[in-house]
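Novice: Provided below are the primary sequence and the corresponding predicted coordinates.
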Amino acid sequence: MSSLPTNADRVSRRTLLKRAARVAGAAGVGAGVPLIAMSAAAPVTTRMDITQFAKNASRLAKFEAAVKEMQGRSKADPNDPKGWLINAKMHADFCVAASTDPKQIHFCWWFLSWHRAYITVTERKIREISGDATFAYPYWNWSSDRRIPAAYAKAGSSLSNAIRSTPSRPVSDGEVSFVPSDPVLKKLGVAALGVKMFEAKAPSEIPRSFGGIARPNSANRYGNNALEGTPHGPIHNYVGGDMSDFETAGRDPIFFAHHGNLDRLWENWRRDVARKGTEPAKNDAFMTHKFVFTWLDGTPMEIAAADTLDTKKLGYVYDTLEVFRPGVQPLVVAAQGAEDRLPPVATEKLRVPLAPQAAGAGERRILEITDVEKPERPITVGVYLKAADAPASDPGVNVGTFAAVKAGGEVAWPNQTLSFDITAAAQRFAGKELTVQLVPLRIEAQGAGAYPPLKYGQMRIVTEK
Ligand code: C2O
């Protein structure tokens with residue numbers, strides 16, 4: 001059959017172009033207009049789980065058509081300001097820099113705020129182009145849906161129009177930081193939600209902080225905050241292809257659905273006033289910092305970090321803040337058994353200290369792996385614990401996962417300390433020796449020979465009050 005556009009296609013395309021032109025020329029939009037001013041004029045919309053969003057076929061069709069329109073524009077002209085590629089480039093511009101570069105928005109306290117603003121700008125563009133005034137970018141709840149949701153995977157859809165190399169297996173528990181072997185972490189659903197502080201005051205605190213360390217900071221050291229570490233990194237690697245490199249990740253429509261879920265978990269975390277109180281809301285360096293994006297007419301659009309601390313001001317709320325979709329039992333998707341596991345990239349024996357008699361109820365045991373050097377290739381690694389005298393066939397229990405993701409073809413990896421809450425395992429192994437194994441869950445070009453051993457400072461068990 002012919003691939004010429006049908007008459008209906010042409011009409012709707014023309015309508016879309018006109019609408020986009022109107023938006024670009026509309027008074028009050030573009031030319032450095034803050035995103036917040038645009039949001040104040042619009043009603044608050046609800047970001048939905050994609051499985052719910054997709055139940056309304058015409059809503060989904062408008063979303064698909066708008067993304068298709070943007071993708072088509074980029075195909076004709078990669079620099080079209082209304083195109084999808086230019087939108088993706090906004091991410092590339094801030095992520096390919098060195099981890100110590102002032103522009104870099106990963107590995108520091110801009111991570112949550114910047115991505116929140118980025119999703120919102122993208123959402124606004126789609127709203128304008130689609131003509132659906134209630135459009136809000138639907139998120140992917142990977143805790144409940146362990147495969148790419150149908151709407152983002154459907155062949156021929158603009159929402160699956162990206163390079164991917166997703167494995168045929170579902171996302172495992174470790175990759176979404178679900179730790180069913182520890183009752184406290186199991187209840188949280190995502191281990192990072194157990195973290196108590198937003199801001200890391202020292203580099204060693206970064207992996208146990210929810211928001212990361214200040215940029216710049218006097219130590220000039222950066223790293224993944226708890227959520228940014230996992231599930232953030234492993235989901236990028238799971239989808240693979242464009243998503244496995246920050247430079248291209250914004251080209252995959254699922255990027256905004258993935259980050260939408262992370263953004264939703266930020267809202268979950270800060271429901272607790274004590275935790276929310278640790279956000280740098282009184283720190284001028286944080287609050288007055290401005291992020292700059294571009295609008296549909298190519299003019300800059302800015303937003304202050306201060307304005308990312310209230311989603312309603314940005315014009316949206318989430319349908320639910322629960323980790324697992326209400327009414328859905330948490331899945332337990334273990335990683336592969338011992339037989340088909342890749343050889344570990346590190347193995348170490350550690351003695352677990354005896355629990356002090358008067359240990360506080362809130363006290364947690366943390367496994368720290370210090371000064372981990374940049375892995376050679378992208379990789380997602382599971383952390384497994386077992387008794388030192390357990391047989392080799394015993395895979396042990398997964399207590400955490402971390403990932404090394406690319407940015408501009410190279411692994412992006414500030415020299416960093418990793419930390420994993422191993423409280424339940426530490427109770428079980430108190431006073432005994434155990435084996436820690438770091439096992440690859442996913443590597444680029446899987447099967448292409450052994451992965452070189454991971455280099456790091458030391459592994460140790462510390463207590464956190
Ligand atoms: Cu800016 Cu998930 O990457």
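Specialist: Thanks, I have it.
Novice: Now do the same contact list for residue 373.
Specialist: Going by CB atoms under 8 Å, 6 or more residues apart in numbering, residue 373 touches 413, 415, 454-456. C-beta: built from backbone N, CA, C; applies to glycine.
Novice: and the protein, which of its residues are near the ligand?
Specialist: Taking CB under 6 Å from any ligand atom as the contact definition, the chain meets the ligand at 91, 95, 106, 115, 232, 236, 246, 249, 259.
Novice: okay if I get these as JSON lines plus secondary structure and pLDDT?
Specialist: As requested, the residues of the chain next to the ligand are exported to JSON lines (DSSP: H, G, I helix; E, B strand; the rest coil; pLDDT from 0 to 100):
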{"residue": "91", "secondary structure": "helix", "pLDDT": "95"}
{"residue": "95", "secondary structure": "coil", "pLDDT": "86"}
{"residue": "106", "secondary structure": "coil", "pLDDT": "97"}
{"residue": "115", "secondary structure": "helix", "pLDDT": "98"}
{"residue": "232", "secondary structure": "helix", "pLDDT": "98"}
{"residue": "236", "secondary structure": "helix", "pLDDT": "98"}
{"residue": "246", "secondary structure": "helix", "pLDDT": "96"}
{"residue": "249", "secondary structure": "helix", "pLDDT": "98"}
{"residue": "259", "secondary structure": "helix", "pLDDT": "98"}
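Novice: Farthest-apart pair in those residues, please.
Specialist: 91 and 232 (13.5 Å; CB to CB).
Novice: re earlier: so can I have a markdown table of the residues of the chain next to the ligand showing neighbour count?
Specialist: Shown next, in a markdown table, are the residues of the chain next to the ligand (neighbours: other CB atoms under 10 Å):
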| residue | neighbour count |
| --- | --- |
| 91 | 24 |
| 95 | 23 |
| 106 | 26 |
| 115 | 25 |
| 232 | 24 |
| 236 | 24 |
| 246 | 22 |
| 249 | 26 |
| 259 | 26 |
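Novice: quick one: which of the residues you listed is nearest residue 199?
Specialist: Within the residues of the chain next to the ligand, proximity to residue 199 (CB to CB) peaks at residue 106, which comes in at 16.0 Å.
Novice: For that closest one, give me its contacts.
Specialist: By CB under 8 Å, 6+ apart, the neighbours of residue 106 are 95, 99, 224, 228, 246, 407, 412.
Novice: Go again with 6 Å.
Specialist: By CB atoms under 6 Å, 6 or more residues apart in numbering, the contact set of residue 106 is residue 95.
Novice: same deal with residue 113?
Specialist: Going by CB under 6 Å, 6+ apart, residue 113 touches 305, 308.
Novice: Could you confirm it falls within a helix?
Specialist: Yes: counting by DSSP: H, G, I helix; E, B strand; the rest coil, residue 113 is part of a helix.
Novice: Do you know the pLDDT at it?
Specialist: For residue 113, the model assigns a pLDDT of 98.
Novice: Please apply the same query to residue 447.
Specialist: pLDDT for residue 447: 56.
Novice: Okay, now stretch 277-291: how far is its last residue from its first?
Specialist: Length of stretch 277-291, first residue to last, CA to CA, to the nearest Å: 23 Å.
Novice: For that stretch, which residues meet the burial criterion?
Specialist: For stretch 277-291, the neighbour count (16 or more other CB atoms under 10 Å) marks 278-280, 286-287, 289, 291 as buried.
Novice: And for stretch 132-141?
Specialist: By neighbour count, with 16+ other CB under 10 Å as the criterion, the buried positions of stretch 132-141 are 132, 135-141.
Novice: now do stretch 394-414
Specialist: In stretch 394-414, counting by 16+ other CB under 10 Å, buried: 395-407, 411-414.
Novice: and what of stretch 378-394?
Specialist: Across stretch 378-394, burial judged by 16+ other CB under 10 Å covers 378-386.
Novice: just to revisit the earlier point, out of the residues of the chain next to the ligand, who's nearest residue 156?
Specialist: residue 249 (21.9 Å).
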